[in-house]
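Q: With the input below, show me the fold.
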Amino acid sequence: MEPQGIEPALRAVNTSADSGLLSVVLGVLVVCSFLFPTLLRLWRAFFKQLVRSHSDLTMQVERTINERVALFVSLLQTIVMEGLALFCVTATHGEPDPLASFAGMALLAIGLMVFQLSAYYAIGFAFSSPASTQMWIRSFLTTQSLAGYLLVIPALGGLFYPNSVGLFLTVCVVVLCACRILFYIRSFAFFYTSPTSLFYFFLYLCTVEIVPVLVAWSLKGLFFSIFT
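A: Here you go, the predicted model:
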């Protein structure tokens, strides 16, 4: 005899209730909360350097081991928050493995950061001195660490309130653009030597800042399912 009745439907699980994903996010937030005072000093120093003249940009600033560790961990938080934002905008209700999908998005964020860092080192090696390049890279890492903290609320908002993900994604874009503008101010001082150098600055913006971001956005669907 064939079984009678209605076949039960699988209950859709909210991605914000996935224990693995929440553990990763919570773990990063807890560690970075202890590092906030150290990073606050780095951010203050960065904003003070924004108003210095071009000749002061090559001034060496030694960092302690604690500051280097804090900056590295804060960059991990930036990657997690960027990956979480990409996950929220790409995910649908009832993902089979939210942690694996999030890992793909985080890998995409890592790839973008590594590519841009490699491009900065190549540009600095070709067009500037090691001291100026080091200061330029430090500016990038500092603004990225700042973005990681500012992305916490909108990224978590997109995770826990999927119906408003468009609004939270807009906030994430505004935060990233604002931090990039701070970095571009330092980049302009790095590039500018004469009026003709403006051409190289706009060329840099297109090849290193705009195109890679567009490529990463177009690949989000592929990386979303790379581990699933």
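
Q: and the gap between Leu50 and Tyr149?
A: 18 Å (C-beta to C-beta, to the nearest Å). Where you see a C-beta, it was placed from the backbone N, CA and C, and this is true even at glycine.

Q: So those two - more neighbours on which side?
A: Neighbour totals were compared for Leu50 and Tyr149, and Tyr149 leads with 21 against 11 (other C-beta atoms under 10 Å).

Q: in what helix or strand does the more buried one lie?
A: helix 130-150 (DSSP states H and E).

Q: Centre of the chain to the helix or strand following that helix, how far?
A: Beyond helix 130-150 on the C-terminal side, the first helix or strand identified by DSSP H and E is helix 152-160. Distance of helix 152-160 from the chain centroid (C-alpha atoms, centre = their mean, to the nearest Å) equals 14 Å.

Q: What mean pLDDT does helix 152-160 get?
A: Averaged over helix 152-160, pLDDT sits at 94.

Q: what number of residues lie near Val171?
A: Neighbour tally, Val171, other C-beta under 10 Å: 17.

Q: which residues does it contact?
A: Contacts for Val171 (C-beta atoms under 8 Å, 6 or more residues apart in numbering) come out as Ile153, Pro154, Gly157.

Q: which non-adjacent residue is nearest the last one?
A: Taking C-beta to C-beta, 6 or more residues apart in numbering as the measure, Gly157 lies nearest to Phe168, with 4.3 Å between them; neighbours along the chain are not counted.

Q: again, but for Leu167
A: Counting by C-beta to C-beta, 6+ apart, the residue nearest Leu167 is Gly157, at 8.0 Å.

Q: How many neighbouring residues does the one you found have?
A: 19.

Q: Contacts only, for it.
A: Counting by C-beta under 8 Å, 6+ apart, the residues that Gly157 touches are Ser164, Leu167, Phe168, Val171.

Q: Buried only: go through those for me.
A: Buried by 16 or more other C-beta atoms under 10 Å: Phe168, Val171, out of those.

Q: rewinding a little: please compute how far the host helix or strand of the residue nearest to Gly157 lies from its chain's middle.
A: Using DSSP H and E, Phe168 falls within helix 165-191. From the chain centre to the centre of helix 165-191 is a distance of 10 Å (C-alpha atoms, centre = their mean).

Q: list the buried ones in that helix?
A: Neighbour-count burial for helix 165-191 [16+ other C-beta under 10 Å]: 165, 168-169, 171-172, 175-176, 179-180, 182-184, 186-187, 189-191.

Q: do the same with stretch 127-134
A: Ser128, Ser132, Thr133, Gln134.

Q: By mean pLDDT, which helix or strand of the protein comes out lowest?
A: helix 197-204 (a mean of 77; mean pLDDT, DSSP states H and E).

Q: For the chain, which helix extends over the most residues?
A: Counting by DSSP state H, the longest helix found in the chain is helix 19-50.

Q: Since that was my last question, I'll sign off now.
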